[in-house]
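Student: coords please:
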Amino acid sequence: MDVAIRNSVEALVSILVILFGSIVFKIFRDLIWRPYAFQKVYTAQGIKGPPYQILSGSVPEYTQLLREAHAQPMQNISHDIVPRVTPHYHKWCQIYGEIFFYWYGTHPTLYISEPELIKEVLSNKFGHYGRVTPKPFVLALLGRGLPLLDGLIWVKHRRIVSPVFGIDKLKPMVNKMAACTSSMLKNWQQMMSQSDSNGKEIDVHNEFRALTADIISHTAFGSSYNEGKEVFELQRKLQEMAAKAEQSVFIPGSQYIPTRKNRYAWKIDRRVKKILSSIIQSRLEPRTARTHVGYGSDLLGIMMTANQKELGGTQKDLSMTIDEIMDECKTFFFAGHETTSNLLTWAVLLLAIYPEWQAVLRKEVISICGTDIPDADMLSKMKSVCIPFNIFLYYFLDSLIS
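Tutor: Numbering: from 1, shown residues only. Sure thing, here's the model as predicted:
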């Protein structure tokens, strides 16, 4: 009996030693050996970067540079925005050259700025440059939509999502976009009429964010506009959490720990999924009785119609599930909102810097539209209106490349 107990204890101790040893080995491999090996390989190729710190990598220096850059207001309006927007890239480019690597925790990231290399990465069709798995907060914000997919599943989603952005589908939405914009401008006029002799300051960035949210909610969900607005507000909260999470080291598995932040994120994600699922199911119900009736002319309806065509075809495995459709809806919200509102803000800033362009654009708009609200046909005739956006893109890309 004693021998059996002793053997059992020895076996248990052996298992614990092996388990503990494997954990120690994995920690040593991930935190010390692998970063050392990566750094050695990069250095041998002449590629350098900021030194690696155990577990945190380059994140402390990155957050410190951001904090210092944002601590002071901009003294002068300048197109050289890189030192303020991405101060870490600006500093590291000056020290290590146009190609360098840095560490996001234990994950090495290669930075390139040469146009030919960027073109090679973006156009490569052989799968050598896979997409990075996003952090949990970013994944909850974006969903597993088209920008985060690879391979055959990317092909499947693209077949269904691409009809949404056909010019014949987007043209009818211009009137709704114009109506939302007119409502914002009328609100501005009302605020100015109620102001004193000194006028009133309007934060156009916040106004444009509200405008793009309004437009996306109408064009993406149509009659389900109110539910779409709620999804947008919830996504904004997730976006703030994701932005903060990007400035700290991510510890694998921490997303499953029921901390207050994680529980709040789970609650938001459940609510978003519930709303989107309810909207989708409400459009599926009438189809049981009237299969010839469409799902709607908004973005969600167009995508569901394209998905139904795949379901009715010979390759049903190319259709999307409800969860996948919900992920694409999340992508619509994020990709179409923040980028567009930022672009509008920069365009207005450029027009304020160059008042002569205001005169050029005003003359063109009046000559084409008169006193009417622009529609899709009028917009297609405008040539000069595109130039301020191109100026913005030129200076922004030039600053990034240089």
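Student: Name the nearest residue to Gly301, sequence neighbours excluded.
Tutor: Beyond its immediate neighbours in the sequence, the residue positioned closest to Gly301 (Cβ to Cβ, 6 or more residues apart in numbering) is Tyr295, lying 4.0 Å away. Just so you know, the C-beta spots here come from the backbone N, C-alpha and C atoms, and that holds for glycine as well.
Student: my guess is the one you found meets Ala306, correct?
Tutor: No. Tyr295 sits out of contact with Ala306 when judged by Cβ atoms under 8 Å, with a separation of 9.6 Å.
Student: Between those two, which contacts overlap?
Tutor: Common contacts of Tyr295 and Ala306, defined by Cβ atoms under 8 Å, 6 or more residues apart in numbering, are absent altogether.
Student: Next, please give the residue ranges for the helices of the stretch 251-400 of the chain.
Tutor: Listed in chain order, the helices found in the stretch 251-400 of the chain under DSSP state H, counting those that start in this stretch are 260-284, 299-311, 322-353, 355-369, 376-381, 386-401.
Student: ok, and which of the ones you listed has the densest surroundings?
Tutor: Counting by mean count of other Cβ atoms under 10 Å, helix 299-311 has the highest mean neighbour count of the helices of the stretch 251-400 of the chain, with a mean of 20.
Student: Just the CA atoms of that helix, as CSV, please.
Tutor: In CSV, the C-alpha atoms belonging to helix 299-311 read as follows (Å, rounded to 0.1, in the frame of the first residue of the first chain):
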residue,chain,number,x,y,z
LEU,A,299,-26.8,48.6,-47.7
LEU,A,300,-28.1,45.8,-45.4
GLY,A,301,-30.9,44.9,-47.8
ILE,A,302,-28.6,44.9,-50.8
MET,A,303,-26.2,42.6,-49.0
MET,A,304,-28.9,40.2,-47.9
THR,A,305,-30.3,40.1,-51.5
ALA,A,306,-26.8,39.2,-52.8
ASN,A,307,-26.5,36.6,-50.1
GLN,A,308,-29.9,35.1,-51.0
LYS,A,309,-28.7,34.7,-54.6
GLU,A,310,-25.8,32.7,-53.4
LEU,A,311,-28.1,30.5,-51.2
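Student: Does Ile215 lie in a helix or a strand, and which?
Tutor: With elements delineated by DSSP states H and E, Ile215 resides in helix 204-221, which encompasses its position.
Student: packing partners for that helix?
Tutor: On a contact count with 3 or more Cβ pairs under 8 Å, 6 or more residues apart in numbering; DSSP states H and E, helix 204-221 meets helix 174-193, helix 225-245, helix 299-311, helix 322-353.
Student: Of these, which is nearest Arg84?
Tutor: Go through the helices and strands packed on helix 204-221 one by one with Cβ to Cβ and the one that ends up closest to Arg84 is helix 322-353, at 13.6 Å.
Student: List the residue ranges of the protein that fall below the pLDDT cut-off.
Tutor: For the chain, applying pLDDT under 70 flags the ranges 1-3, 125, 127, 223-224, 285-294, 310-318, 385-402.
Student: rerun at 50
Tutor: By pLDDT under 50, the weakly predicted segments of the chain are 288-292, 392-402.
Student: Just give the nearest non-adjacent residue to Asp375, would you?
Tutor: Val174 (5.8 Å).
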